[in-house]
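# turn this into a model:
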Amino acid sequence: MVNQKGQAFSVFELMIAAIVAIAILFVLLPLVAPPEIGGNAKTEIASTLTNVETGGFSRTREFTLTPNEIVSSSNFDDKGFDATQIVFNEGEFVDTKILSATSATSSYIQSTSKTNTPAKAMVYCSSTGEVLDTEIGLIVTETADLADIKEDIKKLCTDNDAQPCCAVVLVKK
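The predicted structure follows:
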């Protein structure tokens, strides 16, 4: 029974070494295999549009715009939206490689970046384009200039069929 304490101590040392090895693994793993940034832009925007379809405001979860990806208002037809009900705006990405455009029948955003772009979107929906135009005018934000989206709302959300009317404004994560 002599030196029994020494044997118990070596098991304790082994347990500490295992804990330290696992901690080092958790520190190094994100450097070797970085986690994917966010989800798919169309999926995240569609989910948020559905949540605020009856009116209101919400932010999407973080998503990734891939190089040359286009997200168009017509992408959400299967969610019950018409292309004339959704207006896109580059928001905080106005001076970057994200473009937005609106015609009389649809709106879209496009990433012209050569790399993935992490982003989020603010989604505003109201019963009509006129109501959304008024609400957008009341929103004060330090990062996104919403004045130019008002013209796009007037281009699209004018038909009685365009109800609700939603604005999707990109913001940096």
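
# over to S73: give its phi and psi.
phi -60, psi -20 (degrees, to the nearest 10).

# so it sits against V87, correct?
Yes: with contact defined as Cβ atoms under 8 Å, S73 reaches V87; the gap is 7.3 Å. C-beta coordinates here come from the backbone N, C-alpha and C atoms, glycine included.

# which ones are touching the spatially most central residue of the chain?
Per Cα atoms, centre = their mean, the C-alpha nearest to the average position across the chain is that of K120, at 2.7 Å. Contacts for K120 were tallied using Cβ atoms under 8 Å, 6 or more residues apart in numbering; they are R59, T60, R61, E62, F63, L170, V171, K172, K173.

# if we go to 6 Å?
Under the criterion of Cβ atoms under 6 Å, 6 or more residues apart in numbering, the neighbours of K120 are R59, T60, E62, V171, K173.

# and whichever strand in the chain runs longest, what's buried?
Looking across the chain with DSSP state E, the single longest strand is strand 117-126. Using 16 or more other Cβ atoms under 10 Å as the burial criterion, the residues of strand 117-126 that qualify are T117, A119, K120, A121, M122, V123, Y124, C125, S126.

# just the CA trace of it, in PDB.
Only the C-alpha atoms of strand 117-126 are listed here, as PDB (Å, rounded to 0.1, in the frame of the first residue of the first chain):
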ATOM      1  CA  THR A 117     -20.700  39.000 -48.800                       C
ATOM      2  CA  PRO A 118     -22.300  38.500 -45.400                       C
ATOM      3  CA  ALA A 119     -25.400  40.600 -44.900                       C
ATOM      4  CA  LYS A 120     -28.800  40.900 -43.200                       C
ATOM      5  CA  ALA A 121     -31.900  42.600 -44.400                       C
ATOM      6  CA  MET A 122     -34.500  44.800 -42.800                       C
ATOM      7  CA  VAL A 123     -38.000  43.800 -44.100                       C
ATOM      8  CA  TYR A 124     -40.900  46.300 -43.900                       C
ATOM      9  CA  CYS A 125     -44.400  45.300 -45.000                       C
ATOM     10  CA  SER A 126     -47.600  47.300 -45.100                       C
END
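
# what's the spacing between it and its chain's center?
Using Cα atoms, centre = their mean, to the nearest Å, the mean C-alpha position of strand 117-126 is found 6 Å from that of the whole chain.

# would you turn the buried residues of strand 117-126 into JSON lines with pLDDT and distance to V32?
Output for these, formatted as JSON lines (pLDDT from 0 to 100; distance: Cβ to Cβ, whole Å):
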{"residue": "T117", "pLDDT": "88", "distance to V32": "23"}
{"residue": "A119", "pLDDT": "90", "distance to V32": "26"}
{"residue": "K120", "pLDDT": "92", "distance to V32": "27"}
{"residue": "A121", "pLDDT": "92", "distance to V32": "31"}
{"residue": "M122", "pLDDT": "90", "distance to V32": "35"}
{"residue": "V123", "pLDDT": "92", "distance to V32": "36"}
{"residue": "Y124", "pLDDT": "91", "distance to V32": "40"}
{"residue": "C125", "pLDDT": "90", "distance to V32": "42"}
{"residue": "S126", "pLDDT": "89", "distance to V32": "47"}
